[in-house]
Structures are given as C-alpha cells and as structure tokens.
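1. Sequence first, predicted coordinates after that:
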Amino acid sequence: MPMSATEVRDLSKEFLEHVYAIPEGEKINQCIQCGTCSASCPSAEAMEYGPREIIAALRAGMLDRMFESNTVWLCASCYLCTVRCPAGIPFTDVMYELKRLGVKKGLYAKGTPNAVMARIFVDSVQRYGRNAEMRLIRLFFMKTNPLKGVGMVPLGLKLLKKKRLKFGVKKIKGIEGLRKMLAAVEEEEAQR
Amino acid sequence: MVKITIDGRKIDAREGQTVLQAAKEAGIDIPTLCHHESLDPYGACRFCTVEVKSRGKTKLVTSCTLPVAEGQEIRTRSEKVKKTRKILAELMLARCPNSTVIRDLARKVGVNRSRFRRPPEDLATITDQEGCILCGMCVRICDDVMQVGAIGFEGRGVRRKVTNPFREPSDTCLVCGACSSVCPTRAIEHSRIRPQKPEVIPFEFEEGMSGRKPIYMEFAQAVPKVPVIDEDTCMHFRTGGCKVCEDNCSAEAIDHEMEEKIEEIEVGTIIVATGFKLYEAEKLSRYGYKAYPDVYTSLEFERLCHASGPTMGKIQTRAGKKPEAVAILHCIGSRDENHLEYCSRVCCMYSLKFAHLVREKTGAEVYNFYIDIRSPGKGYEEFYKRLLKEGVHFIRGKGTEVTDVWETEEEKGKLVVISEDTLLGVRRRVPVDMVILSLGLRPQDDADQVSHLFSIGCAQGGFFLEKHPKLAPVDTPSDGIYIAGACQGPKDIPDTVAQGAAAAASALSLMDKGKVVLEPVRAKIDEEKCCGCKLCVANCPYQAIDYNEEKKVSMVHPELCKGCGTCAAGCPSGAATQENFEDVQIFAEIEGALAE
C-alpha cells in the first residue's frame, strides 16, 4: 500500500536525522546539485536514481521513490563521489546509513537481490563467523530466481573442479567471541 | 668627413668606415654574403669586390675590408667587377650546385651553370656540404662573439670544411643557434654539432604557447615599454660574449652592465593593487590538464583567441586542426571545499565570451558544463540570452572528468567530457576536440607577506580585507593604504576599473587635505618610566611605535596611533598609557557615576 504524503514526509525527516548523525552528515544541506557524484559513480548507469537525486529526494521529503529503487544497493563503496564532492558530503556513508535504515524498517524494494544477498551474508557470519559461498549461492538463487540458479550450475561445476567452491562450511575458531562482539554492536545500535 | 665617389655619386663617409658601410648608408647596393654587424670584416666571400681608382691606377678590392680614404673613386658595376662576380658565382655554384641561396645569387649576376668541376665528395660534417661556402661566419661568431669556440675549420684547399674538433659531438656547444642564424646559405645542421635540439624559451605572457628570445618585450602594453634581458638565457651572461643586440641597436640603448636597483620613494598614500593568480589546473588531475595537450586553462585560451597571440587569433588544436566541438567546463577549482570555496565570479562571463568567440570564429559546437550561470551585471544576462540564440549548448552539471578512452566510434581520437546532465538525470559523454577549464581566481602567492607589510588583514581565501564592506570598500585599517582590484576579491574588469578610480579618489582626498586628523584617544609613553623592553613595538598592530636607539626608549608616532590600547595593556613598567583615557580619569568617572 502506498504511503500517504505525510507519512513519507515524516519518514524522510527521520531518515534525514540519521544522516545528520553521520560525521559531516549535515553537509547534505550544502549540496549544490552539481552532479559530480552521479557522473563519477561507476554504478550510476544501472541505478534508477543517481546519488544526486537521492540527496534531492531526501531534502524534498520524497523518500518513497527511493525505497522503490535499487540505488543504495548498487553502491560499490568506491568512495569516488565522497572524494570528489565539492560540498564535502560523505555520500558513501550516507548510502550505508540508508541501507541500514531501509533494512531495519523493511523499506526496500522487495525484489532487490542485493538486499537479499546482504541478509544471507550477515546470517552466515552470525552462524559460522565467515561467509559460506555454497550456502550463499544456494539461498540467494532460491530466494530470488531459482531458474537463473539452474543456469549457473555449469559455472558452479567449473569452480568446484578448480577447488574455488566447497560443500559444507566450517565454523571459525572462537566464534563465541565474535558473537559477543556482534551482540555488543547490535546493542549499541539499538540504543541510538 | 671623408669625400669619396661611388659610381659617380659624391658621398660623405665617416672616418673609419669601410667602403661597404658607406655605400650601404648611401643606399648603394653591393652584394655580399659574409658581412655581419657583429663580426669584424673578413673578406671571405669576396662577392663585395669593387674597383678602386687611386693615383691613376685601378685595382679590385673587397669593399668590406677597404677603409674609406679621401678622393677614392669607386665603381661597383664596372665590366671588370661584373666579370669577377660572375667567376665567383661560378666557383660557388661548382661547390654548392644545390643551394637555393647560391643559385639565386648566381642567376642575379647572370650565371646559370658553372664551367668548373665539383670538388671531390667529402664527408659532410656539421654543415650540409651542399650549401657551405666556407665563409667561416659560423666559426667566427661561435669563437669571437659567443666565446664558446665549439666549431672550427679542418683541412686545406678543396678538402677544407667546418667541423667539430675530432668530428665528435661537441660538449662545449651551448646550442645557442648563433651559427645557424648567421650562416648566409642556411647550411648548418645543428644536430651534427650537438645532438640536442635548441631549446625554445617559453614565453611567459603567452602561457608558454610560443617562444621568446633572451631579450624581449614582456608584452605589447608593457609599462615602461622597453625590452628586458633574461639573465638566465642571455648568452652574454652565460659566456661573457655575444652582445649582438648592442651591435644592432642604433640608439645604443642596451647596457649589459645594468644591475637591478631597489629605489626608495617617499609617498603619502599607497594603493595596493597586486591582482590575482589563476588556480592551478594541475591540482585537478581528473581533467587531464598537461596529460592531454588539448585541455587548456582559461588564460591559455584567452591568448589563443587573441589577435596578437601565438596563433594570431586562430582557434586551433595543438595539432593545428580547426575544432569541430569545444567543451567549456565552468567552476573548475571554484565553489569546491577541496579547492577554492568561493565563487570566482568572473568565470561565467569569460566562459560565455569564449563560447561566443569559438562559435564566431570556427562555427564549432560549443558545450558549456555549468552548475549555475551567474550573469548579474549590466548587459550580462542579455549576453547569455544571445548565446542561447546562437545555439551554444548548455549542460547543467559540473564537468566531472576528461578522458581519451573512447567507447564508441564517434569518440575515437577525441577528448570525452563526462558529466551528469542534472536536468535530465542522465550521465553524458560528450566527445570534443578542445576542452577549456574555466579556472577560479586565487590570491597571489605572497598575499600574506604583503598583508603583513601594510598591516592590512586577509579575508575569505586570503584576499585583502577592506575596512568596511559597504562604507569603506577601498580603505584598510591602515590609514593611507587603499586596495583596488582582484587583490581584494575576484572581480571583472569594469568593477576593477571602478574600484581603482575610487581608491585613487580616496587617496587624493586624504593627500589634498594636507593634514591628518588624530584620534582623541592615543598612546603616550612616559620616557622616565620606559625600560626599553620593546614589547609595545612588537604589540602595536599599526606599527605606530618605534624604538629610539639614542634615548633607549620607545616612542609613539601619534599620526599612526589608533588608540587601541594594546601597548598600554602590555607595558610591564606602566610607561605606556592612553592619552585622554588614563586610569585617573576613568576612576574619576566611576566615582562621579557612583556619587549621589
């Protein structure tokens, strides 16, 4: 169900507060919409909205169009926009913040494969303390596009032959310690 | 005066002159190949041979070595002379049958082919053997004038030639180019003397896009309009020789012994108008300045389209091609936290001017990449509108990158400007032949020292601070010091002219009064109490306190003092106080205020 204009506005405001909390995040207000970020972004071609438009939508209180887009999930974290931005906006950090908040609130395009991928990855790390490639691939294609997964089998076999993929996954040593660390981070995040 | 007759004309020659010089001054043409103002007469080519009659006898003499004498009768076009010249031409033609200079000369005296045999082929040395007539001018200028002595003669008779010692590449040669500049037949091949190309001295005013000589005019409107000598490249300062320019200057105005002088001039007021510097394009590597030859700074392009510039105003790429598409990137270095935070104010309008000129002179497509077009000012917006009418493209988005990596056939061999078209929300790649970077303006490198020298402050980005932005725009905190032009902040020519006039008027009104009104409250130093620690001298922001070496005390210049009280507050012995604002007075005021 689409959100009402007021709902979108309030949500945009909340998101904006979170962005302000990032170091130098308040510089987002100084954006002059020059387009350096979008022109520098290596993923911009595939994005539905470029970084510049995200900033405009954030400031205009029209975030809903962004939730429906794939933009934040395509950020490759190359930091080129941050390095070049004439207004000094740490845009890569803004991207991260938006990803986090989107997942937390369940506000992201449900079909966005990158979000699914991120969730499975985090789940793997929590379970085993590491990435489990085979599991990641299996779950990812099951949840997104099983047919495409079938198409990837020949490549998988090749990788298996070269020992670049393995069945089964070993937990890391001292996983308890890692879990404690993750729990502490979660707790801090919850307090914010 | 010496009276001589040349071809029946009576001529007054000066004592010490040669016949050739006297004839030249009288406008009589005697052909010669080996004459040069800076070289002593040598009589090598013998082409200037004339017939002289004295005491009833006639003889043939080279006019370049013949001093004038009273009553000389000279004939330059007699049959005898003509015949001699013909034979000389035939001899030279035999030696240099392919030299265009020699062939032209021979044709002039009526010789088309030579009866003489060509000397045996020999190894060509530093000269192109086809052209060398062995006049020795190169050897003499190198040795006598330049005082380098890198080349000399070798062999005798028909085997004589000009060469390097031992025919090895010379390491004494300074690659000055004097030898080839004097060679009458243009036969010198530099690379054979020293395998190193004569270096072009980059002409600073043309942004290095053309060369200059060691003696040159700084620019066409230079004040004072006199040439300058660059000591680093002038041959005289390298070897102690040369001075060819002195020989050529008929006004005898060149003095190599002149030294830099610092003159102290006492003045009443000073107007600081030190200008600006263009921001360095090298600091923004993503635009490929210097990496791609056809990326220009705005100042380079300004010279390129100027009628007296390196291409005489022809807009062309470095390869000499007429551009089909030109990109102008606005806001390069300006409005950027990583570079200059401020808007440089003039770039929009000069970029529009460039766009107009390119369109007018070449008809090329022009793409302006801009963030905002700032065209406030009389007639400026109208000019912007005119460009829109002329079909100039405006892409709203900062030019982000310049690359030569092509993706499509159309981009092959071009420079590609990458930018977002923010009005369309799409990324664009625009292939062009030339890129102009509209660079921002920054303060001069020594702005900080200058501001300290005059005790004037620096504001935003290091530009000099005016006393008040609205009420005293050309004044500074230091009385009698005014600022004008881009040293105060980026501004265009009309604004600079207006501000300059305002500063001049302010300076005049101060001087015209003939007196300075003093502040009622100003510092006073009690000589009895002063211990001579000089603390106040250092503390005074207006440089109004000097130390008197004789009395060993500090003394206030009341005309400079602003009564700020810094000296009084810092004085350890209590010698510095403020006149009309003393402790006693303040206490009395307090008491008065507190009394019933």
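-> Perfect, I can see it now. Because the structure is a prediction, the values reported are computed rather than measured.
2. Quick one: residues contacting the closest residue to chain B within chain A.
-> When scored by Cβ to the nearest Cβ, chain A has A:Gly35 as its residue closest to chain B, at 3.2 Å. The way it works is simple: take the backbone N, C-alpha and C, and place the C-beta from them, glycine included. The contact partners of A:Gly35, taken as Cβ atoms under 8 Å, 6 or more residues apart in numbering or on different chains, are A:50, A:52, B:396-398, B:400, B:419-422.
3. next one: B:Pro165
-> B:Pro165 touches B:Gly152, counting by Cβ under 8 Å, 6+ apart.
4. mind listing what's buried in the lowest-mean-pLDDT helix or strand in chain A?
-> The least trusted helix or strand in chain A, going by mean pLDDT, DSSP states H and E, turns out to be helix A:64-67, with a mean of 77. Neighbour-count burial for helix A:64-67, with 16 or more other Cβ atoms under 10 Å in any protein chain shown as criterion, is recorded at A:64, A:66-67.
5. Just checking, which helix or strand succeeds that helix along the chain?
-> helix A:71-74 (DSSP states H and E).
6. for the next helix or strand after that following helix, the distance to its chain's centre please.
-> Following helix A:71-74 in sequence order, the next helix or strand is helix A:80-84 (DSSP H and E). Counting by Cα atoms, centre = their mean, to the nearest Å, helix A:80-84 is centred 18 Å from the centre of its parent chain.
7. Could you report the neighbour count for the residue of the stretch 451-596 of chain B found nearest chain A?
-> In the stretch 451-596 of chain B, the residue that lies nearest chain A is B:Gly461 (14.7 Å; Cβ to the nearest Cβ). Neighbourhood size, B:Gly461 [other Cβ atoms under 10 Å in any protein chain shown]: 16.
8. Equivalent analysis for A:Val153, please.
-> 9.
9. now do B:Gln72
-> 21.
10. Please name the residues that touch it.
-> Counting by Cβ under 8 Å, 6+ apart, B:Gln72 has contacts B:4-5, B:19, B:52-54.
11. Is the least confident helix or strand of chain A in proximity to chain B?
-> No: taking Cβ under 8 Å from any Cβ of the partner chain as the criterion, helix A:64-67 and chain B are apart, separated by no less than 11.9 Å.
12. Convert that helix to CSV, retaining C-alpha atoms only.
-> C-alpha atoms of helix A:64-67 as CSV (Å, rounded to 0.1, in the frame of the first residue of the first chain):
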residue,chain,number,x,y,z
ASP,A,64,9.3,6.9,-1.1
ARG,A,65,10.6,6.9,-4.7
MET,A,66,13.9,6.0,-3.4
PHE,A,67,12.7,2.9,-1.4
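13. so how far is it off the chain centroid?
-> With Cα atoms, centre = their mean, you get 14 Å for helix A:64-67.
14. Likewise for stretch A:135-144?
-> Counting by Cα atoms, centre = their mean, stretch A:135-144 is centred 17 Å from the centre of its parent chain.
15. Restricting to C-alpha, output it in CSV.
-> The C-alpha coordinates for stretch A:135-144 follow below in CSV (Å, rounded to 0.1, in the frame of the first residue of the first chain):
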residue,chain,number,x,y,z
ARG,A,135,25.2,-21.7,1.1
LEU,A,136,25.1,-18.1,-0.1
ILE,A,137,24.7,-19.0,-3.7
ARG,A,138,22.1,-21.7,-3.0
LEU,A,139,19.9,-19.5,-0.7
PHE,A,140,20.4,-16.4,-2.9
PHE,A,141,19.0,-18.1,-6.0
MET,A,142,16.3,-19.9,-4.1
LYS,A,143,15.0,-16.6,-2.7
THR,A,144,15.4,-14.6,-5.9
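16. Now do the buried residues in it.
-> A:135-137, A:139-141.
17. List the neighbouring strands of the host helix or strand of B:Tyr367 plus their orientation.
-> For B:Tyr367, the host element (DSSP H and E) is strand B:365-370. Partners of strand B:365-370 in the sheet, by DSSP bridges, are strand B:325-332 (parallel), strand B:393-396 (parallel).
18. Does B:Tyr287 touch B:Tyr296 like I think?
-> No: counting by Cβ atoms under 8 Å, B:Tyr287 does not reach B:Tyr296; the two are 10.5 Å apart.
19. Common neighbours of these two, please.
-> Counting by Cβ under 8 Å, 6+ apart, the residues touching both B:Tyr287 and B:Tyr296 are B:435, B:437.
20. Can you get me a residue count around B:Asp144?
-> With other Cβ under 10 Å as criterion, B:Asp144 counts 13.
21. Please apply the same query to B:Pro469.
-> Neighbours of B:Pro469 under the rule other Cβ under 10 Å: 10.
22. repeat for B:Thr311
-> 16.
23. Same check on the one 10 residues further on?
-> Look at B:Lys321: counted by other Cβ under 10 Å, it has 11 neighbours.
24. State the distance from it to B:Leu304.
-> Noted for B:Lys321: a distance of 13 Å to B:Leu304, by Cβ to Cβ, to the nearest Å.
25. tell me which element the nearest residue to B:Pro97 once chain neighbours are set aside falls in.
-> With Cβ to Cβ, 6 or more residues apart in numbering or on different chains as the criterion, B:Pro97 has its nearest non-adjacent residue at 6.8 Å, and that residue is B:Arg118. Counting by DSSP H and E, there is no helix or strand that carries B:Arg118.
26. I'd assumed B:Asn98 was in contact with B:Arg118.
-> No: with contact defined as Cβ under 8 Å, B:Arg118 does not count as touching B:Asn98 (10.5 Å).
27. how about low-confidence regions in chain A?
-> Along chain A, the model assigns pLDDT under 70 to residues A:1-2, A:110-111, A:192.
28. follow-up on the earlier one: convert the C-alpha atoms of the next helix or strand after the strand holding B:Tyr367 to CSV, please.
-> Heading C-terminal from strand B:365-370, the first helix or strand you meet, by DSSP H and E, is helix B:380-389. Taking C-alpha atoms only, helix B:380-389 is exported to CSV below (Å, rounded to 0.1, in the frame of the first residue of the first chain):
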residue,chain,number,x,y,z
TYR,B,380,25.3,40.3,-18.9
GLU,B,381,22.1,38.4,-18.9
GLU,B,382,21.4,39.7,-22.3
PHE,B,383,24.7,38.3,-23.5
TYR,B,384,23.7,34.9,-22.0
LYS,B,385,20.4,35.0,-23.9
ARG,B,386,22.3,35.9,-27.1
LEU,B,387,24.4,32.8,-26.7
LEU,B,388,21.4,30.7,-26.3
LYS,B,389,20.1,32.2,-29.6
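29. Average pLDDT for helix B:380-389, rounded please.
-> Helix B:380-389 shows a mean pLDDT of 96.
30. From chain A, how far out is the residue lying closest to B:Cys132 once chain neighbours are set aside?
-> Once flanking residues are discounted, B:Cys132 sits nearest to B:Ala187: 4.7 Å by Cβ to Cβ, 6+ apart. From B:Ala187 across to chain A, the span is 57 Å (Cβ to the nearest Cβ, to the nearest Å).
31. returning to what we had before: which of the strands paired with strand B:365-370 is buried the deepest?
-> Highest mean neighbour count among the strands paired with strand B:365-370 (mean count of other Cβ atoms under 10 Å in any protein chain shown): strand B:325-332, with a mean of 27.
32. where's that one relative to the chain centroid, distance-wise?
-> Distance, centroid of strand B:325-332 to centroid of chain: 27 Å (Cα atoms, centre = their mean).
33. And for stretch B:297-314?
-> Its chain's C-alpha centre and that of stretch B:297-314 lie 14 Å apart, by Cα atoms, centre = their mean.
34. Now it: buried residues?
-> B:297-305, B:309-311.
35. Please render these as a markdown table that adds pLDDT to the earlier fields.
-> As requested, the buried residues of stretch B:297-314 are exported to a markdown table (pLDDT from 0 to 100):
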| residue | pLDDT |
| --- | --- |
| B:Thr297 | 97 |
| B:Ser298 | 96 |
| B:Leu299 | 96 |
| B:Glu300 | 96 |
| B:Phe301 | 97 |
| B:Glu302 | 95 |
| B:Arg303 | 95 |
| B:Leu304 | 94 |
| B:Cys305 | 93 |
| B:Gly309 | 92 |
| B:Pro310 | 92 |
| B:Thr311 | 93 |
